[in-house]
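In: Fold the following, please.
(2 chains)
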Number of protein chains: 2
Amino acid sequence: MVSVEQQLKIIKRGVAEILPEALLAEKLKRGKPLKVKLGLDPTAPDIHLGHTVVLRKLKQFQDLGHHIIIIIGDFTGRIGDPTGRSETRKPLTDEDIRRNAKTYEEQIFKILDKEKTQVSFNSTWLAPLTFADVVNLAARYTVARMLEREDFTKRFKEGRPISVHEFFYPLMQGYDSVALTADIEFGGTDQKFNLLMGRHLQEEFGQEPQVAIMMPILEGLDGVQKMSKSLGNYIGIDEAPTEIYGKSMSIPDSLMVRYFELVTDVSLEELEEIRAGLENGTLHPRDTKVRLAYTLVRLYHGEALAEQAQNEFIKVFQQGDLPNDIPEITFENQSEPIWLPKLLMQLMLASGSSEAKRAIQQGSVKINGEKITDTDAKITVSDGMIVQVGKRKYAKVVFA
Amino acid sequence: MVSVEQQLKIIKRGVAEILPEALLAEKLKRGKPLKVKLGLDPTAPDIHLGHTVVLRKLKQFQDLGHHIIIIIGDFTGRIGDPTGRSETRKPLTDEDIRRNAKTYEEQIFKILDKEKTQVSFNSTWLAPLTFADVVNLAARYTVARMLEREDFTKRFKEGRPISVHEFFYPLMQGYDSVALTADIEFGGTDQKFNLLMGRHLQEEFGQEPQVAIMMPILEGLDGVQKMSKSLGNYIGIDEAPTEIYGKSMSIPDSLMVRYFELVTDVSLEELEEIRAGLENGTLHPRDTKVRLAYTLVRLYHGEALAEQAQNEFIKVFQQGDLPNDIPEITFENQSEPIWLPKLLMQLMLASGSSEAKRAIQQGSVKINGEKITDTDAKITVSDGMIVQVGKRKYAKVVFA
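Out: Residues are numbered from 1 along each chain as shown, chains lettered A, B, ... in the order given. I've put the predicted structure just below:
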C-alpha cells in the first residue's frame, strides 16, 4: 500500500474540507482498507461533470486499495433531500427510482471499477425499521439542531413549509453510515450537515465516527452557478464526443485549472505544470483548453473519439480563429427554420434585410464555419450555433 | 335512544369546548352509536378525581348508548407526551407500561361499564407501521405548525431541547383516531393540539374528522393548581373511604359546585339546585360539602362505607365544631415522633414548653379530636392531623 503521507497528498487534492483531518490520518495508519461511502439520490438520471468531482475522488481511494460503497438512496428518495431546495419535494415513485438507479449504475462505472465497487440500496436496512426503531432514531437529535441546517433555517424564517418527514432525510443518511460502519463519507460542501449527522449517529450507536470529506461544488459552463441540468450549464458524461468537446471549449479561462483538478485524471505533477504555465504565460489558455476538452472526451469516449472530436472542432470552428468573446443571443428552442437574413438581424449581425442579403451574396456569412451564399436559405437554429459575418462579427445562439 | 337535544344537554354539562359543535349534532342525528375515544398515557398508575372528569363524561356517553374506546397508549408511552412538560421525558419501560395499564383498567371500570367498554393498546396498529408508513404520516404535517403547540413553542423559544421523536406523539395520537375511525375524541383542554391533529389526519386519510371535546382541568384540594399526584393536592379513587371523605371536606367552598358538576353523578336538576341554593343562601356550605364528601365516597366505595366514613368524620372532627380557617403548618414528612409540648410550639399553639405542658395537664389539648393529657407523650405527625388547644386555637399539619 501507498504510504499514509502519499495517500493524504492524493486525497487532499481539490478537497474543500476534511472533518476531522487527524482522524483520517489515524484511520489510514491502521493500514486496513477503509469503507468509503457516497450516497446518491436517484433523482436526476444523467450524471454530469459536477457529479464526477466526487466520483473521481472515490476512484483515487479505490486505486489506493480502499473499499468504495455507493449507496443508491432508493429509500431516502421517497422523501427527497431538501438540501438547497426551497420547497418540499414530491417523493419519487418506485419506478422512477428503479430507472434512475439503473442509469446511475451504468454511468458511475465509467469512472469507478465495477468489480471493486459495492453498490447498495438503502432500502435494504431502512425499509425493515419498525416505528419503534424510527422513534429511537429520531430521539437522537433535537428539533432546534435540525433547524440549524441552512436550508431549513431559511425556509423556517421565511415561513415556507417544512414537512416533518423532511427531518428524516438527514437521519436516514446518517443511519446509512451506522448500517455500513462507514469510515469515510463523501459529499459536496452543501452536504456538511448530513455528513456530520452520520458522525453523530455513529457515536450515538457506539461506533467510531466517520470522517466527512467535502468536495467543492463545480461551477458550470457559465463560470458562476453550480453545474446543474436544470440550469443548462452542464456537460453530461453520456453526451456525444463533439458535445463534450464543444462545451468544454466554452468554459471560462478562469475555471480551467479547477476543471483539470476536479474532473480530470491528470496527475498532481501535471496539474502543477498547468497551473504554473498559465500563471507565468508559458502555456497559452487556448491550447490548455484544447487539452482539457480532449482529456474530457478521452475520459468518457476514449482516445480515438477524442481525436476525432478535436479534428472536427478544429475544422468547424478554428478555421476562422474564433474570438473568445462571442456575444450570445438567447433563443427559445424553436423548431421552425428562420429565413437567413432575418436570423442575421435577430442576432444583431445586420441592421436590415438588405444589408444582410448583401453580406450573404458577398460570401461573408458562415454558420458553424460553413459559408452560405443563398439569400433564400432557411436555417434551423441549434444550441451553440455560431454565426459569423465577415472577419469580426460573430454571434452564438444559446437556447433558453 | 334519547333525543339529540337531550343528549346534547347531557353532553355539554361541564364541558370546556366542543370542536366543532355542529358536527357533533350532525353525528348524533344519524342515530347510530358513535365511537368515542379517550387515550390514556400509562404513566401514573393511580387515577385521581382529575382523571375522572373525562371518565364520568364517557360514562354519560356510554349510558346514552355510544361505544367507548379507551386507548392505552403503550406505544406512545415509549415517547411520553411532552404536553405541559418542560423537558423531554424518559421513555417508559415495557414493564412500567404493562403494570400501569393493568392498574388503569382496574380503576377505570369503577366508573365505566366493563362489558360495554373497548380497551385497546395503540401498539396494535402503531407497532406494525413501517418506516415508509411513518414517513408518509410525518409528511402530513409541517414543522412550523408542530412548533405552534404551546409547550413546544415555549421550549423552542427558551432554547430548551425538543427531541425530533417528540413530534411523533401528536402524530401517533392522531393516527389512533384514523385507525379507529373515531367519531369523538376526549381530552383535557391541554390536549387541544393533539385532538385537532386527529381531525387533521383523519381528513388526510379520507375520513370524516372526529369531534374534539375538551374537558376542563380540575383544580386540586388547594383550589388553585391542577389536581396532580406530584403536587399532593389530589383525591385518588383508590384511597380509603375516610381519606376520600376527609380530603373532600378540605376542598375550598368556591370549588364545591365545580366538583359536583365534574366529578359526581348528581343529575343536572340536582346540580342546579345546589348551585342556586348556595347562591341564595338556602343551602349551608358546610352541609353541601358533607354531601359532596359523602357522594364521592359512595361513588368509589358504596353507600355503607360512605355512611361509615361520614360518622367517623363527624365523631373525630365535628365534635369540636372545627372552624373553616384552621392555619396550616407545613412539615417535612418525618418519621420520628415529636414530644407533644414541642409539637405545640412548632404549631404555634404555645409560646413555650411550660405553657404547653399546662394546657396538656388541663385537658385542653386534642389531636384529631382525641384528648391527650400526658405531657410526656410523643406524637407521630401525619398529613392533615388537626391539633387543638382549648376552644379557639387550631393548627393543621400539612406535609411538604
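
In: From chain B, how far off is the closest residue to A:Ser228 other than its chain neighbours?
Out: Closest residue to A:Ser228 apart from its sequence neighbours, by Cβ to Cβ, 6 or more residues apart in numbering or on different chains: A:Tyr234 at 6.3 Å. (C-beta placed from N, C-alpha, C; glycine too.) As defined by Cβ to the nearest Cβ, to the nearest Å, A:Tyr234 lies at a distance of 30 Å from chain B.

In: got it, and A:Ile108?
Out: Noted for A:Ile108: a distance of 26 Å to chain B, by Cβ to the nearest Cβ.

In: Same question for A:Leu221.
Out: A:Leu221 is 36 Å from chain B, by Cβ to the nearest Cβ.

In: Contact partners for that residue?
Out: Taking Cβ atoms under 8 Å, 6 or more residues apart in numbering or on different chains, we find A:Leu221 in contact with A:Met227, A:Asn233, A:Tyr234, A:Ile235, A:Lys247, A:Ser250, A:Ile251.

In: show me the contacts for the closest residue to chain B within the stretch 251-400 of chain A.
Out: Proximity of the stretch 251-400 of chain A to chain B (Cβ to the nearest Cβ) peaks at A:Ala400, 34.1 Å away. The neighbours of A:Ala400, taking Cβ under 8 Å, 6+ apart as the test, are A:Thr330, A:Phe331, A:Glu332, A:Asn333.

In: Please report which of those residues has the highest neighbour count.
Out: Per-residue neighbour counts (other Cβ atoms under 10 Å in any protein chain shown) across the contacts of A:Ala400 peak at A:Phe331, which has 18 neighbours.

In: a markdown table for the contacts of A:Ala400, including pLDDT, distance to A:Gly77 and secondary structure?
Out: Below are the contacts of A:Ala400 laid out as a markdown table (pLDDT from 0 to 100; distance: Cβ to Cβ, whole Å; DSSP: H, G, I helix; E, B strand; the rest coil):
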| residue | pLDDT | distance to A:Gly77 | secondary structure |
| --- | --- | --- | --- |
| A:Thr330 | 86 | 34 | strand |
| A:Phe331 | 85 | 35 | strand |
| A:Glu332 | 79 | 33 | coil |
| A:Asn333 | 74 | 29 | coil |
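
In: Next to chain B, which bits of chain A? Give me the list.
Out: Contact residues, chain A versus chain B (Cβ under 8 Å from any Cβ of the partner chain): A:75, A:78-79, A:91, A:126-144, A:146-147, A:152, A:156, A:159, A:161-168, A:171.

In: okay if I get the contacts of A:Ala400 as TSV plus distance to A:Leu255?
Out: Below are those laid out as TSV (distance: Cβ to Cβ, whole Å):
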residue	distance to A:Leu255
A:Thr330	21
A:Phe331	25
A:Glu332	28
A:Asn333	26
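
In: ok, those vs A:Asn368, which is closest?
Out: Nearest to A:Asn368 among the contacts of A:Ala400 is A:Phe331, at 15.0 Å by Cβ to Cβ.

In: could you measure the closest one against B:Thr375, distance?
Out: Distance, A:Phe331 to B:Thr375, by Cβ to Cβ, to the nearest Å: 112 Å.

In: Quick check: which ranges of chain A have low pLDDT?
Out: By pLDDT under 70, the weakly predicted segments of chain A are A:1, A:44-45, A:78-91, A:316-325, A:334.

In: for it, longest helix please?
Out: Longest helix in chain A by number of residues (criterion: DSSP state H): helix A:285-313.

In: Would you mark the buried spots in that helix?
Out: By neighbour count on 16 or more other Cβ atoms under 10 Å in any protein chain shown, the buried set for helix A:285-313 is A:288-301, A:305-306, A:309-310, A:313.

In: Equivalent analysis for stretch A:349-361, please.
Out: By 16+ other Cβ under 10 Å, the buried positions in stretch A:349-361 come out as A:Leu349, A:Ala350, A:Ala356, A:Lys357, A:Ala359, A:Ile360.

In: for chain A, which residue is closest to the average position?
Out: Centroid-nearest residue in chain A: A:Gly50, 1.1 Å away (criterion: Cα atoms, centre = their mean).

In: OK, now which residue of the stretch 1-150 of chain A is nearest to chain B?
Out: A:Ala138 (3.6 Å).

In: Contact partners for that residue?
Out: A:Phe167, A:Phe168, A:Leu171, B:Ser163, B:Val164, B:His165, B:Phe167, B:Phe168.

In: Out of those residues, which sit inside helices?
Out: Those of the contacts of A:Ala138 lying in helices (DSSP H): A:Phe168, A:Leu171, B:Phe168.

In: export stretch A:235-253 as CSV, just CAs?
Out: The C-alpha trace of stretch A:235-253 is given here as CSV (Å, rounded to 0.1, in the frame of the first residue of the first chain):
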residue,chain,number,x,y,z
ILE,A,235,-21.5,18.6,-19.5
GLY,A,236,-23.1,15.2,-19.2
ILE,A,237,-20.8,12.3,-19.2
ASP,A,238,-23.1,10.5,-21.6
GLU,A,239,-23.1,13.2,-24.1
ALA,A,240,-21.6,12.8,-27.6
PRO,A,241,-17.9,13.4,-28.1
THR,A,242,-18.4,16.6,-30.1
GLU,A,243,-20.8,17.9,-27.5
ILE,A,244,-18.4,17.3,-24.7
TYR,A,245,-15.6,18.8,-26.7
GLY,A,246,-17.5,21.9,-27.8
LYS,A,247,-18.9,22.6,-24.4
SER,A,248,-15.5,22.2,-22.8
MET,A,249,-14.2,24.8,-25.1
SER,A,250,-16.8,27.2,-23.8
ILE,A,251,-15.6,27.0,-20.2
PRO,A,252,-14.2,30.4,-19.0
ASP,A,253,-10.4,30.5,-18.9
